[in-house]
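**Q** Next come a sequence and a model predicted from it.
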Amino acid sequence: MGFIETIKDKAKANQKTIVLPETNDIRTLEAAHKVLKEKIANLILLGDEATLKAEAAKANLNLDAATFINPSSCDELENYVELFVKLRGHKGLSEKSARALLLENPLYFGVALVKSQKADGMVAGAINSTADVLRASLQILGTKKDSKLVSAFFLMVVPNCDYGEKGIFIFADSGLVQNPNAQELASIAIDSAKSFQSLVGKEPIVAMLSHSTKGSAKHPDVDKVIEATKLAQSLAPQIAIDGEFQLDAAIVPSVGKSKAPESKIAGYANVLVFPDLDSGNIGYKLTQRLAKAEAYGPITQGIAAPVNDLSRGCSSDDIVGVVAITALQAQQN
């Protein structure tokens, strides 16, 4: 059984309700059909039920098991307006502006459903930017109490790979934090380890990546990773974290033993923490395209409830996978 199939089975065992706001994109409707057919999660689709069902019928898609909510005719709209003003009124949000956002931007309405516990999580980003998805999420949901930073990772499943956890890795941050400082990098490492444990069910082994391995190069960028490693180790001594490592020293046992013989982690990492967004994003896309890896994400961590972003180049199957991951996160939230 493949990794994502295992995630789906876990999601099916305790179905959660996920809202999909981007119903004007056919990929969302295709994904909804698959999620409902496989009974991975209960779904709320935003939009007019008759219109969406007609669009689905044209593509031979069955959405009968979904719940449909049209924001403009929703009986709970004024409750969501009141909630939004209560959360953002101190920032100058008026009742009129709150109502307009909820009616005109499905992202805000979807997150309001999550905040009101009508849904357990949301998946969006097929037609909206990461910034738009996260802006709505943070304005209404905010951050987790035990998280200092909202970051994003990709769950990578590399075929025919003996490295990591049988080819399974977390790459972080590969989707959100542009140039984290040492404190932020330490937070990303700790949160990513927790995400690996909860989603994969195996011990996280965290490598702090650099162009240097244990002092082989000198540069302020290397110093940042060294400082982040020490911070993460002190804040979470129960997690296996080490660095700084070049990529090969992090995941190839023979190279790790050669370059960092004193490290118990070198060569065995399954959580890869990149020093900045450029390297993380390039790294995941290289792995996805050249190794034909499955890339699920960007999966967010640090938000008060599960809201996950999609690549705008995603397929319907990618959306299904992220829905399953979001449902599993909701089980553990």
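**A** Sure thing, it's come through.
**Q** pLDDT wise, what is Ala131 at?
**A** We have a pLDDT of 86 for Ala131.
**Q** got the phi/psi numbers for it?
**A** Per-residue torsions, Ala131: phi -60, psi -40 (degrees, to the nearest 10).
**Q** Equivalent analysis for the one 5 residues further on, please.
**A** In terms of degrees, to the nearest 10, the main-chain angles of Ala136 are phi -60, psi -40.
**Q** do you know how far it is from Ala11?
**A** Look at Ala136 and Ala11: by C-beta to C-beta, to the nearest Å, they are 24 Å apart. For glycine as for every other residue, the C-beta is placed from the backbone atoms N, C-alpha and C.
**Q** now swap in Asn24 and tell me
**A** 25 Å.
**Q** Look at the two and report which has more neighbours.
**A** Ala11 (25 against 15; other C-beta atoms under 10 Å).
**Q** where's the nearest residue in space to Pro180 that is not next to it in sequence, which helix or strand?
**A** Nearest non-adjacent residue to Pro180, counting by C-beta to C-beta, 6 or more residues apart in numbering: Ile188, 6.2 Å away. According to DSSP states H and E, Ile188 maps onto helix 182-200.
**Q** Can you point out the buried residues in that helix?
**A** Using 16 or more other C-beta atoms under 10 Å as the test for burial, helix 182-200 gives 182, 184-196, 199-200.
**Q** what does stretch 14-23 give?
**A** Judged by neighbour count (16+ other C-beta under 10 Å), stretch 14-23 contains these buried residues: 16-23.
**Q** Filter those down to just the ones in helices.
**A** For the buried residues of stretch 14-23, not one is inside helices, with DSSP state H as the criterion.
**Q** okay, those in TSV with distance to Val157 and pLDDT next?
**A** Shown next, in TSV, are those (distance: C-beta to C-beta, whole Å; pLDDT from 0 to 100):
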residue	distance to Val157	pLDDT
Lys16	22	97
Thr17	26	97
Ile18	21	98
Val19	26	97
Leu20	23	97
Pro21	27	96
Glu22	24	95
Thr23	28	94
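**Q** tell me which of those residues is nearest to Ser94?
**A** Within the buried residues of stretch 14-23, the smallest distance to Ser94 is 22.9 Å, found for Pro21 (C-beta to C-beta).
**Q** for this structure, what are the low-confidence residue spans?
**A** Counting by pLDDT under 70, the chain contains low-confidence residues at 1.
**Q** residue closest to the middle of it?
**A** In the chain, the centroid-proximal residue (C-alpha atoms, centre = their mean) is Ile299; its distance is 0.8 Å.
**Q** So in terms of bridging, what pairs with that residue?
**A** In this entry, Ile299 is beta-bridged to Phe153, by DSSP bridges.
**Q** Ok, Ile69 next?
**A** Under the criterion used (DSSP bridges), Ile69 bridges to Leu46.
**Q** which residues sit in contact with the closest residue to Ser192 other than its chain neighbours?
**A** Excluding the flanking residues, the one nearest Ser192 by C-beta to C-beta, 6+ apart is Ala172, at 4.2 Å. Applying C-beta atoms under 8 Å, 6 or more residues apart in numbering, we find Ala172 in contact with 151-154, 188-189, 191-192, 271-274, 280.
**Q** Then Met156?
**A** Residues near Met156 by C-beta under 8 Å, 6+ apart: 168-171, 284, 287-288, 293-296.
**Q** Just say helix, strand or coil for it.
**A** Classification of Met156 using DSSP: H, G, I helix; E, B strand; the rest coil returns strand.
**Q** What ranges does the stretch 151-300 of the chain have for its strands?
**A** Listed in chain order, the strands of the stretch 151-300 of the chain (DSSP state E, counting those that start in this stretch) span 151-157, 168-172, 205-209, 240-245, 271-273, 294-301.
**Q** would you list these in TSV and tack on distance to Ala112?
**A** Listed next are the strands of the stretch 151-300 of the chain as TSV, based on distance: least, C-beta to C-beta, whole Å:
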stretch	distance to Ala112
strand 151-157	22
strand 168-172	28
strand 205-209	35
strand 240-245	37
strand 271-273	33
strand 294-301	18
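**Q** So which of those is the most surrounded?
**A** The highest mean neighbour count among those, using mean count of other C-beta atoms under 10 Å, belongs to strand 271-273: a mean of 31.
**Q** ok so, going back, farthest-apart pair in the contacts of Ala172, please.
**A** So, the contacts of Ala172 by C-beta to C-beta: farthest apart are Phe154 and Ala189, at 15.2 Å.
**Q** quick one on the thing from earlier: list the ones among the buried residues of stretch 14-23 that fall in strands.
**A** Judged by DSSP state E, strands contain the following of these: 17-20.
**Q** between the strands of the stretch 151-300 of the chain, which gets nearest to Val114?
**A** strand 294-301 (12.6 Å).
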